[in-house]
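S.K.: Generate coordinates for the sequence data below:
(one chain, ligands or ions: 2)
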Amino acid sequence: MQGGVPVPRALTIAGSDSGGGAGIQADLKTFHALEVFGMSAITAVTAQNTREVRGIYPLPPEAVAAQIDAVVEDIGVDAAKTGMLFSREIVEVVADRVRAHEIRKLVVDPVMRAKSGASLLAPEAEKALREHLFPLALLVTPNLPEVEALLGEAPRTRAEKKGAACRLLAYGPKAVLVKGGHAPVDEEGNPVSPDARGRKYVEDVLATEEGVVVFRKDYWLTPHTHGTGCTFSAAVTAALAQGAELVEAVALGEAFIDAAIRHAFPLGKGHGPTNHWAFASLRFDGADLAVERWEEACGR
Ligand SMILES: Nc1ncnc2c1ncn2[C@@H]1O[C@H](COP(=O)(O)OP(=O)(O)OP(=O)(O)O)[C@@H](O)[C@H]1O
Ligand SMILES: Cc1ncc(CO)c(N)n1
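M.R.: Ligands and ions are numbered 1, 2, ... in the order given. Sure, this is the predicted structure:
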């Protein structure tokens, strides 16, 4: 028990995925698997499955603010994350409430598109995300297409990911993790085709003001990756709520998502969901989660 609080508390501010693999549902399942008390502020309801987003029904910005205020003022929040924010108005209201409540352990997953291709963020909201929310974040976690939208070029090699992560620090977050899940690499961190022979890896590159940490793990050739980004950032948020330092929290997120993808569920006819309880089961068995990490100097 820390400071009279019986359990770590985490808040997700994100969209609902009726399919249960991404969004609010993935976040709450992940918090629960890590024994963190989960709370939610829903920004939009999506009618979605493993194949497509059929409809998006945003909530009024004041409804998003009211949910955040309600839980912060009564239950309290040790760490929070944002996911699908959809509109400029919702981005602005979330930034306003985060500032007002002085939420410092904030993970911003700059969700722009679903794996099925649907847009989850209006184009004019991208600028608001960069200008209003990035400066409040402890960590921002873009995937490769999101890095391209933010910087105008997609990193491919380890050195390019490192450069992009360092450049994104200029928007004001304390740290940036460039996630490489969309493009497998070889031993040297150079891109390879997903179905090339031999061992392939995924490299996620974390930049902080102190330096760069590269996380490498095996690449799994599977279509069942719906909600990987949400699940990963929720695991990092849960670890922060438990009191972990940033690099340890990211390492926990890496191990959690590795297990969740390895044991993903072939549900539906599209991209199936990841397995949110695999990490807890494997850890119980003492399994080796195959995540390597090493530190380098920041290239700035
Ligand atoms: N095929 C894979 N094999 C191993 N790790 C993967 C794979 N795909 C994604 N990951 C890992 O999952 C995490 C999320 O990365 P990814 O790039 O898929 O995020 P994302 O595109 O934001 O996800 P989504 O939009 O589906 O929620 C990262 O840690 C990444 O390394
Ligand atoms: C609601 C929601 N948030 C995020 C994603 C990205 O995976 C998704 N597909 N749906």
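S.K.: Please count neighbours and contacts with C-alpha atoms only from this point.
M.R.: OK.
S.K.: Enumerate the positions of stretch 239-249 that are buried.
M.R.: For stretch 239-249, a neighbour-count test (16 or more other Cα atoms under 10 Å) marks Ala239, Leu240, Ala241, Gln242, Gly243, Leu246, Val247, Ala249 as buried.
S.K.: Repeat that for stretch 110-120.
M.R.: Buried residues in stretch 110-120 (16+ other Cα under 10 Å): Pro110, Val111, Met112, Ala114, Lys115, Ser119, Leu120.
S.K.: Same question for stretch 174-193.
M.R.: Residues of stretch 174-193 classed as buried by neighbour count (16+ other Cα under 10 Å): 174-181, 183-186, 189-191.
S.K.: I'd assumed Gln204 was in a strand, is it?
M.R.: Heads up, residue 204 is Asp, not Gln. Yes - assessed with DSSP: H, G, I helix; E, B strand; the rest coil, Asp204 lies in a strand.
S.K.: which residues does it bridge with?
M.R.: Phe215 (DSSP bridges).
S.K.: wait, what's in contact with it?
M.R.: Leu177, Val178, Lys179, Gly180, Gly181, Val214, Phe215, Arg216 (Cα atoms under 8 Å, 6 or more residues apart in numbering).
S.K.: which parts of the helix or strand harbouring Val93 are buried?
M.R.: Using DSSP states H and E, Val93 maps to helix 88-100. Buried residues in helix 88-100, counted by 16+ other Cα under 10 Å: Arg88, Glu89, Ile90, Val91, Glu92, Val93, Val94, Ala95, Arg97, Val98.
S.K.: and what of stretch 156-167?
M.R.: Those would be Arg156, Thr157, Arg158, Glu160, Lys161, Lys162, Gly163, Ala164, Ala165, Cys166, for stretch 156-167 by 16+ other Cα under 10 Å.
S.K.: mind checking the SS state of the last one?
M.R.: What that stands for is Cys166. helix.
S.K.: wait, it sits on Ala207?
M.R.: Yes - counting by Cα atoms under 8 Å, Cys166 touches Ala207, with 5.7 Å between them.
S.K.: Now do the strand or helix carrying Val178: which elements does it pack against?
M.R.: Using DSSP H and E, Val178 sits within strand 175-178. Identification of packing neighbours for strand 175-178 by 3 or more Cα pairs under 8 Å, 6 or more residues apart in numbering; DSSP states H and E yields strand 139-140, helix 158-168, strand 201-208.
S.K.: let's see 10 Å
M.R.: strand 106-108, strand 139-140, helix 144-151, helix 158-168, strand 201-208, strand 211-218, helix 246-262 (3 or more Cα pairs under 10 Å, 6 or more residues apart in numbering; DSSP states H and E).
S.K.: Pairing partners for that strand, with directions?
M.R.: strand 139-140 (parallel), strand 201-208 (antiparallel).
S.K.: quick one: contacts of that strand?
M.R.: 107-109, 134, 137-144, 146-147, 155, 161-169, 203-215, 246-247, 250 (Cα atoms under 10 Å, 6 or more residues apart in numbering).
S.K.: rerun that using 7 Å as the cut-off
M.R.: 138-144, 161, 165, 168-169, 204-208 (Cα atoms under 7 Å, 6 or more residues apart in numbering).
S.K.: List buried residues within the residues you listed.
M.R.: 138-144, 161, 165, 168-169, 204-208.
S.K.: In three-state terms, label the residue in the stretch 51-200 of the chain that ligand 1 sits nearest to for me.
M.R.: Closest contact between the stretch 51-200 of the chain and ligand 1, by Cα to the nearest ligand atom, is at Gly181 (3.4 Å). Assigned by three-state DSSP, the conformation of Gly181 is coil.
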